[in-house]
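[1] A predicted structure for the sequence below; I have some questions about it.
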Amino acid sequence: MARMTSPDDSGYLDLVRDQVPLYDALQDAAVAAIPFQPSTVLELGIGTGETASRLLRRFPAAEITGLDSDPDMLFKAREVVHEVSLARIEDPLPDGPWDLVLSVLTVHRLTDEQKQSLFRRVREQSKALVIGDFVSLGGDRGKTQVPGQAYPDTAEELAGWCDGEIVWSEDDLVVIVADYRA
Ligand SMILES: C[S@@+](CC[C@H](N)C(=O)[O-])C[C@H]1O[C@@H](n2cnc3c(N)ncnc32)[C@H](O)[C@@H]1O
């Protein structure tokens, strides 16, 4: 797959593309899944701003707030987004309302209870949620969980907890969309 330009084309991106061969396909699928033109977006675990860059190519007028617990990541992301917030997704989110909450390769870091709490908080102040992430393929759950770092669930569990729909999947990666406008 062709490499995309980005605010940081070294270090993190080389590493993540090495570890996640379908990284670019996942990013593209997450942005393609956004169900309407969002004005305000909160991205959870924004990293270097790779998803945000793609989102802005599709929706140039969107105002994105990027949240991450790593100040070095936010330093790079601030070249791309409207505003950044140094925070953990386990904690209260920046005040909405948001048209869209988006998160790629980050939610799997939460325990099941924390994920369900996050999804409840997102639903209270967002019209839509898009998640792109690793999932457990079922039988591999014991092997894919890394205490303190990674708690992947099945795609069906994740979709059920956020009341969303699985719109893309390849290997152990999925994109899930929840549209709360109705
Ligand atoms: C694998 S990177 C994904 C970054 C970006 N979304 C992407 O797709 O390239 C995970 C990101 O989540 C951030 N992160 C990890 N745990 C977090 C937490 N509990 N709260 C907020 N951010 C977190 C990390 O600092 C990192 O930037």
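    Here it is on my side, so go on. Numbering: from 1, shown residues only.
[2] can we go C-alpha only for contacts and neighbour counts from here?
    Fine.
[3] Contact partners for the most centrally placed residue in the chain?
    Centroid-nearest residue in the chain, with Cα atoms, centre = their mean: S103, separated by 1.4 Å. Applying Cα atoms under 8 Å, 6 or more residues apart in numbering to S103 gives the contacts 43-46, 130-132.
[4] Is it located within a helix, as I assumed?
    No - under DSSP: H, G, I helix; E, B strand; the rest coil, S103 sits outside any helix and is assigned strand.
[5] From G11, how far out is it?
    As judged by Cα to Cα, to the nearest Å, S103 and G11 stand 21 Å apart.
[6] Doesn't V16 lie inside a helix?
    Yes - when three-state DSSP is applied, V16 is found to be in a helix.
[7] and it, what does it touch?
    Residues in contact with V16 (Cα under 8 Å, 6+ apart) are Y23.
[8] now R120
    So R120 contacts C162 (Cα under 8 Å, 6+ apart).
[9] Would you map the strands across this structure?
    For the chain, the strands defined by DSSP state E cover 40-44, 63-68, 83-86, 100-104, 128-134, 165-170, 173-179.
[10] With mean pLDDT added, can I get the ones you listed in JSON lines?
    Output for these, formatted as JSON lines (pLDDT from 0 to 100):
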{"stretch": "strand 40-44", "mean pLDDT": "98"}
{"stretch": "strand 63-68", "mean pLDDT": "98"}
{"stretch": "strand 83-86", "mean pLDDT": "97"}
{"stretch": "strand 100-104", "mean pLDDT": "98"}
{"stretch": "strand 128-134", "mean pLDDT": "97"}
{"stretch": "strand 165-170", "mean pLDDT": "98"}
{"stretch": "strand 173-179", "mean pLDDT": "98"}
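[11] Please convert those to CSV, extending it with distance to the ligand.
    CSV is the format used below for these (distance: least, Cα to the nearest ligand atom, whole Å):
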stretch, distance to the ligand
strand 40-44, 6
strand 63-68, 4
strand 83-86, 8
strand 100-104, 4
strand 128-134, 8
strand 165-170, 16
strand 173-179, 12
